[in-house]
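> Sequence and predicted structure, then a few things I'm wondering about:
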Amino acid sequence: MIDWLQHSTGGLLTLAVVSIAVLLLLIIKFKVEPFIALIVVALLVALLAGVPVETLVGSAQKASDSLLEKGFGSILGHIAAIIGLGTLLGAILEASGGAQVLMDKLMNAFGEKKAPVAIGLAGLIFGVPVFFDIGIFVLAPLVYVAAKRSGKSIVLFAMPLLAGLSVMHAFMPPHPGPVAAAGLLKVSLGWIIIMGLAVAIPSWFVGGVLYSYWIGKRLNVPVPEEMLAAAELARAENGGDDRDPPSLGLVLSIIGLPLVLILAGTFGSILLTKGSSLYSVATFFGTPAVALTISVLLAFWLLGFRRGMTREKVAELSAASLKPVAMILLVVGAGGFFGAVLAATGIGKTLANELSGIGLPVIALAYVISCVIRIAQGSATVAIVTTAGIVAPVVADLNYSQPQLALVVMAIASGSIIASHVNDGGFWIVSRYFGLSVKETLQSWTVLETILSVVGFVVAGLLSLVV
């Protein structure tokens, strides 16, 4: 039996399937923290597949070459600074009133009749640097006021916002999911940005505009009075701030600067002569950690210190914003270890051989696996990290180009947002913040996420045929 597991195609594939099943069982049934579950399952798979103990965990004298440390370290070394800096950037933009400025300008530009589109665009733009739940916390009060003034259903205004925040969180750096998947599949973040925008914008338009208008006219939910009162109080408090709000140009520049620098680095590596001064400059400033550091420092100065924030306030803001990052990094590190084990055991290569034999595209496999893990356990980040760990050894020997690998990441990210339901924390945040019953949340939010997922995968699949 052990020999069959370790050396036969059927045995290795069985190990792959059982490992995913056990992982989901630990997370769903026994409520084990995902990063612990990933470590436990990876260790068990490695031992059952015959990986020597010293290769797996090293020795008391030296553990740095072990699968455990290299699996954790290789991915965390790539993403820790990016996620941390992106979190700081979102925090200072939120605290400075940048979201309010963005929303007000868009509302004025689009007018009352197209207010849902304006709110959706605000979510799309502000969703680049801020986490999904923070974006809801900051922008939801503006949705309450717009819905109350129009006399229409809050669903009509909430869904475009949620669509914008969701697609940015799923597809675009510096959010943890796409950054982690890029690290595991060894894709340049420049290509992730390009493909992320190519997939996110059509998905947002279909789900956040077309579907949101349709469901908003059929699901009439008034704004809860207590939410409206809280929103008006927040607006009054903000109005009492004696600081001038930042300009829209400044807010957009700080959000866009790291994206532009990273893209310049990506295209510079293609178009410029390697070893030239210009190549070195583009590479240095286009390195994601460097680009984000520059943007964060500018944001601290232009949106913080120059507008009256004290050093103590900035330090407090930074510390508070970084607290949620710890668990994300642990999950990503454990996912990196899981992927390293799958590669070392030969499971990844076996999967690749089987796929080539039956003609199933890797991009379709990645989407399906991500969908299954997402629906089963609820967390988009866990779905992305686990799927990327499974797929990484599969694509390692396929000679995929950077754009092709980026589209595999987009397929994984698309699967990670499908069918948000009661096991997803985001489901309850949406329900609570917009006063929706469970049935109404399923009719609106769950369907919206599924549309975003399917459209995202279709666009990624079509693009994979031409790159």
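That came through fine.

> Give me the phi and psi for residue 222.
phi -70, psi 160 (degrees, to the nearest 10).

> Give me the next element, helix or strand, following the helix or strand containing residue 40.
Element membership for residue 40, per DSSP states H and E: helix 34-48. Counting by DSSP H and E, the element after helix 34-48 in chain order, helix or strand, is helix 53-57.

> With just CA atoms, put that following helix into CSV.
Provided in CSV are the C-alpha atoms of helix 53-57 (Å, rounded to 0.1, in the frame of the first residue of the first chain):
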residue,chain,number,x,y,z
VAL,A,53,12.6,13.5,7.7
GLU,A,54,15.8,15.5,7.3
THR,A,55,14.7,16.8,3.9
LEU,A,56,11.3,17.7,5.4
VAL,A,57,12.3,19.4,8.7
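
> just how off-centre is it within its chain?
In terms of C-alpha atoms, centre = their mean, to the nearest Å, the centre of helix 53-57 is found 32 Å from the chain centre.

> repeat for stretch 460-467
Put simply, stretch 460-467 sits 21 Å off its chain's centre (C-alpha atoms, centre = their mean).

> now do stretch 22-40
21 Å.

> what do you get for stretch 378-393?
Distance, stretch centre to chain centre, for stretch 378-393: 12 Å (C-alpha atoms, centre = their mean).

> Residue ranges in the chain under the pLDDT threshold?
For the chain, the stretches flagged by pLDDT under 70 are 230-243, 356.

> circling back: which positions within the helix holding residue 40 qualify as buried?
Judged by neighbour count (16 or more other C-beta atoms under 10 Å), helix 34-48 contains these buried residues: 34, 35, 37, 38, 39, 41, 42, 43, 44, 45, 46, 48. All C-beta spots, glycine's among them, are computed from the backbone N, C-alpha and C.

> I would like the residues contacting it, please.
Contacts to helix 34-48, defined as C-beta atoms under 8 Å, 6 or more residues apart in numbering, come from residues 2, 5-6, 15, 19, 22-23, 26-27, 32, 53, 56, 67, 71, 327, 330-331, 333-335, 337-338, 340-342, 344-345, 347, 377, 379, 382, 385-386.

> Please check those residues and keep the buried ones.
5-6, 15, 19, 23, 26-27, 32, 56, 67, 71, 330-331, 333-335, 337-338, 340-342, 344-345, 347, 377, 379, 382, 385-386.

> Just the ones of these in helices?
5-6, 15, 19, 23, 26-27, 56, 67, 71, 330-331, 333-335, 337-338, 340-342, 344-345, 347, 377, 382, 385-386 (DSSP state H).

> What count of nearby residues applies to the closest residue to residue 329 other than its chain neighbours?
Leaving aside its chain neighbours, residue 329 sits nearest to residue 80 (5.8 Å; criterion: C-beta to C-beta, 6 or more residues apart in numbering). Burial of residue 80 is recorded as 18 neighbouring residues (other C-beta atoms under 10 Å).

> With residue 324 instead?
Neighbours around residue 324, by other C-beta under 10 Å: 13.

> wait, isn't it in contact with residue 131?
Yes. With contact defined as C-beta atoms under 8 Å, residue 324 counts as touching residue 131 (7.5 Å).

> got any residues that touch both of those two?
residue 87.

> What about residue 164, how many residues nearby?
The local packing of residue 164 (other C-beta under 10 Å) involves 27 other residues.

> how close does residue 439 sit to residue 447?
As for residue 439, its distance to residue 447 is 12 Å (criterion: C-beta to C-beta, to the nearest Å).
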